[in-house]
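*Asks:* Fold the following and give me the result.
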Amino acid sequence: MSNIRPIAPVDVAGLNPANPTTGLPICELVDPQTLFVDGAYQRSIGENGLRQIRRMIQRFCWTRFKPPICAYGRHEGKTVLMVLDGQHTAIAAASNPNIERIPVMIVEAPETAAQAAAFVGQNTDRLGVTPLQLHQAAVVAQDEDALTVEQVCQRAGVTVLKGPAGNGRYRARETIAVNTISGLVQRQTARGARRILEVVANAELAPITGHHIRAAEFLMTDRDYCLKFEPSDLSVAIGELFLTAEDDAKVFCHGHSGVPFWKALAVTWFRKTKKKRLHLRVAA
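*Replies:* Purely as a prediction, here's the structure:
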């Protein structure tokens with residue numbers, strides 16, 4: 001029996017099929033060295049990317065080729081093609097002396113925000129594009145949720161990096177835990193998320209990790225803990241335990257099966273935090 005089957009539509013009952021708001025894409029053959037990339041929402045090429053490009057150059061084959069997605073934009077007063085998706089492919093082709101032209105698919109996205117939004121749409125459901133890259137593109141595209149996350153971080157004194165720090169060297173108040181922060185904002189509102197982020201930011205952690213944020217959120221919102229300390233004292237304790245807290249939390253996890261690491265970290269911080277004095281009212 002043949003395994004060949006035709007492309008057939010699925011049942012769309014209950015769905016509201018979208019009506020495209022832009023025109024049909026067009027395909028063109030172009031010199032890859034005439035293409036551009038907008039660094040406002042596209043990552044720069046790191047060492048891993050360079051290795052990938054070198055492999056693509058050595059193994060270049062049209063049967064493996066996926067046309068880059070491009071859009072017309074303006075650069076230095078001229079109309080150029082901006083690569084929305086596929087810059088590694090374009091660079092590999094531009095670097096191969098045997099390739100003069102490549103096919104590209106051109107979509108309608110004339111403004112930077114529209115191009116960034118297209119980048120997010122192209123990569124949301126794909127592996128290989130990090131949450132940080134999608135967040136930065138969403139900010140450029142003026143996505144409301146991404147802008148809220150960025151504003152909360154700025155007001156809390158936290159810097160969301162565009163990618164992991166080189167050689168793992170982070171500065172105080174830097175983070176790449178954008179997904180955790182996004183979840184924090186959704187759960188605690190912008191104001192609540194800012195208060196929690198300020199606690200870990202004021203501890204001068206480098207970097208602020210997702211575990212740090214989850215632990216601080218737990219202590220700042222759980223009724224059994226949040227009324228027993230001042231946020232500023234929690235920041236002091238976190239800073240003082242910076243070198244030992246995670247090791248102590250791992251020991252705690254080992255002795256308490258099923259306790260997640262972030263909660264063990266929270267307990268470790270709480271034990272060190274200065275507690276409020278309880279003022280008991282004595283009846284006359």
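*Asks:* From here on, just use CA atoms for contacts and neighbour counts.
*Replies:* OK.
*Asks:* What is the burial count for the closest residue to residue 31 other than its chain neighbours?
*Replies:* Nearest residue to residue 31, sequence neighbours excluded (Cα to Cα, 6 or more residues apart in numbering): residue 101, at 4.5 Å. Look at residue 101: counted by other Cα atoms under 10 Å, it has 15 neighbours.
*Asks:* now do residue 245
*Replies:* Using other Cα under 10 Å, residue 245 is surrounded by 21 other residues.
*Asks:* and it, what is it in contact with?
*Replies:* 238, 265, 268-269 (Cα atoms under 8 Å, 6 or more residues apart in numbering).
*Asks:* Same question for residue 158.
*Replies:* With contacts defined as Cα under 8 Å, 6+ apart, residue 158 is in contact with 173-175, 197-198, 201.
*Asks:* what do you get if the cut-off is 6 Å, keeping everything else the same?
*Replies:* The neighbours of residue 158, taking Cα atoms under 6 Å, 6 or more residues apart in numbering as the test, are 173-174.
*Asks:* any idea how far residue 85 is from the residue nearest to residue 31?
*Replies:* From residue 101 across to residue 85, the span is 17 Å (Cα to Cα, to the nearest Å).
*Asks:* So which residues of this structure form helices?
*Replies:* For the chain, the helices defined by DSSP state H occupy 47-58, 87-95, 112-123, 131-140, 144-156, 178-202, 210-221, 231-240, 245-255, 261-272.
*Asks:* out of those, nearest to residue 71?
*Replies:* Distance to residue 71, taken as Cα to Cα, is lowest for helix 112-123 among the helices of the chain, at 7.2 Å.
*Asks:* mind showing which ranges of the stretch 151-284 of the chain have poor pLDDT?
*Replies:* 278-284 (pLDDT under 70).
*Asks:* ok, residues contacting stretch 98-107?
*Replies:* Under the criterion Cα under 6 Å, 6+ apart, residues 25-31, 67-71 lie in contact with stretch 98-107.
*Asks:* buried sites along it?
*Replies:* Across stretch 98-107, burial judged by 16 or more other Cα atoms under 10 Å covers 102-107.
*Asks:* okay, those in a markdown table with distance to residue 12 and pLDDT next?
*Replies:* Rendered in a markdown table, the data for the buried residues of stretch 98-107 read as follows (distance: Cα to Cα, whole Å; pLDDT from 0 to 100):
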| residue | distance to residue 12 | pLDDT |
| --- | --- | --- |
| 102 | 36 | 96 |
| 103 | 33 | 96 |
| 104 | 31 | 94 |
| 105 | 28 | 90 |
| 106 | 28 | 90 |
| 107 | 26 | 87 |
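*Asks:* Can you tell me the closest non-neighbouring residue to residue 145?
*Replies:* In space, residue 145 is closest to residue 182, 8.0 Å off (Cα to Cα, 6+ apart).
*Asks:* Residue 152 versus that neighbour, what's the distance?
*Replies:* On the measure of Cα to Cα, residue 182 and residue 152 end up 10 Å apart.
*Asks:* Equivalent analysis for residue 101, please.
*Replies:* Residue 101 sits at a distance of 45 Å from residue 152 (criterion: Cα to Cα).
*Asks:* List the buried residues of stretch 70-81.
*Replies:* By neighbour count on 16+ other Cα under 10 Å, the buried set for stretch 70-81 is 70-73, 80-81.
*Asks:* Can you get me the start-to-end distance on that stretch?
*Replies:* End to end - Cα to Cα - stretch 70-81 spans 6 Å.
*Asks:* Kindly report the same for stretch 204-223.
*Replies:* Terminal residues of stretch 204-223 are spaced 26 Å apart (Cα to Cα).
*Asks:* Give me the domain ranges for the protein.
*Replies:* As recorded under automatic domain parsing, the domains making up the chain are 26-125, 144-272.
*Asks:* what about the last one, distance to the chain center?
*Replies:* Translated: domain 144-272. In terms of Cα atoms, centre = their mean, to the nearest Å, the centre of domain 144-272 is found 17 Å from the chain centre.
*Asks:* Need the contact partners of stretch 75-91.
*Replies:* By Cα under 6 Å, 6+ apart, the surrounding residues in contact with stretch 75-91 are 32, 35-37, 53, 68-74, 119.
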